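*Asks:* Got a predicted model here, sequence first, then my questions.
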Amino acid sequence: MSELRERMVQDMTMRGLKAGTRHACGNQGRALAAYWQSPPDQRGVQEIRAWLLYRIETRQVAQSTWRGHVAALRCLYERTLGRAGPVLVLPRGTRERMLPVVRSGEEVWALLDRVRRPTARMSLTLRDTCGLRVSEARRLRVEDRDSQLMNR
């Protein structure tokens with residue numbers, strides 16, 4: 001491990017970052033060094049921007065990956081190398097918004113008609129009619145039912 005990477009890992013350890021985060025940030029510094037074939041501390045803002053553009057255009061990284069790259073570079077340059085200023089100007093990228101798929105009533109009934117096991121069918125019907133998420137439906141227990149309401 002290079003001295004610079006070791007210092008970066010130590011800085012992240014002192015900040016209380018998890019091992020996975022330290023590993024991911026260290027990998028970004030290593031990738032930048034491999035791209036330019038020289039240590040990251042010898043790179044300026046324009047070269048960092050060129051590397052980030054390469055990652056977006058050639059590697060086609062997702063926005064979440066892009067934000068991870070920028071965060072790792074900020075950690076390296078601001079915390080480890082003590083360079084404040086131009087590195088802060090790096091854009092973060094926008095968050096991709098995923099809309100949920102909403103099925104029509106006919107699609108739901110067609111899906112339920114294909115389920116043969118009564119328990120599975122009941123579970124899926126309950127989940128759909130109550131509008132539960134999968135994780136919420138999985139956590140349901142017999143004790144969760146309101147027996148007083150059933151007797152009315």
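*Replies:* Now that the structure is in, tell me what you want to look at.

*Asks:* so is the most centrally placed residue in the chain in a helix, a strand, or just coil?
*Replies:* For the chain, the residue nearest the mean C-alpha position is Ser64 (5.7 Å; C-alpha atoms, centre = their mean). In three-state terms, and counting by DSSP: H, G, I helix; E, B strand; the rest coil, Ser64 is helix.

*Asks:* Could you check how far it is from Glu106?
*Replies:* Distance, Ser64 to Glu106, by C-beta to C-beta, to the nearest Å: 35 Å. Backbone N, C-alpha and C define where each C-beta goes, glycine included.

*Asks:* List of residues touching the lengthiest helix in the chain?
*Replies:* Secondary structure of the chain read by DSSP state H shows that its longest helix is helix 19-36. Helix 19-36 is contacted from outside by 2, 4-5, 8-9, 12-13, 17, 39-40, 42-43, 47-48, 51, 54, 68-69, 71-73, 75-76, using C-beta atoms under 8 Å, 6 or more residues apart in numbering.

*Asks:* which stretches of the chain have low pLDDT?
*Replies:* Along the chain, segments meeting pLDDT under 70 span 1, 85-96, 150-152.

*Asks:* any idea how far Arg138 lies from Ser123?
*Replies:* Per C-beta to C-beta, Arg138 is found 9 Å from Ser123.

*Asks:* Of these two, give the one with the bigger neighbour count.
*Replies:* Neighbour count, other C-beta atoms under 10 Å: between Arg138 and Ser123, Ser123 has more, with 16 against 10.

*Asks:* Tell me the secondary structure of that one, please.
*Replies:* helix.

*Asks:* So it is in contact with Ala137, correct?
*Replies:* Yes: at 6.7 Å, Ser123 counts as touching Ala137 under the criterion of C-beta atoms under 8 Å.

*Asks:* what sits in contact with each of those two?
*Replies:* Shared contacts of Ser123 and Ala137 (C-beta under 8 Å, 6+ apart): none.

*Asks:* quick one: stretch 24-40 to chain centroid distance?
*Replies:* Put simply, stretch 24-40 sits 21 Å off its chain's centre (C-alpha atoms, centre = their mean, to the nearest Å).
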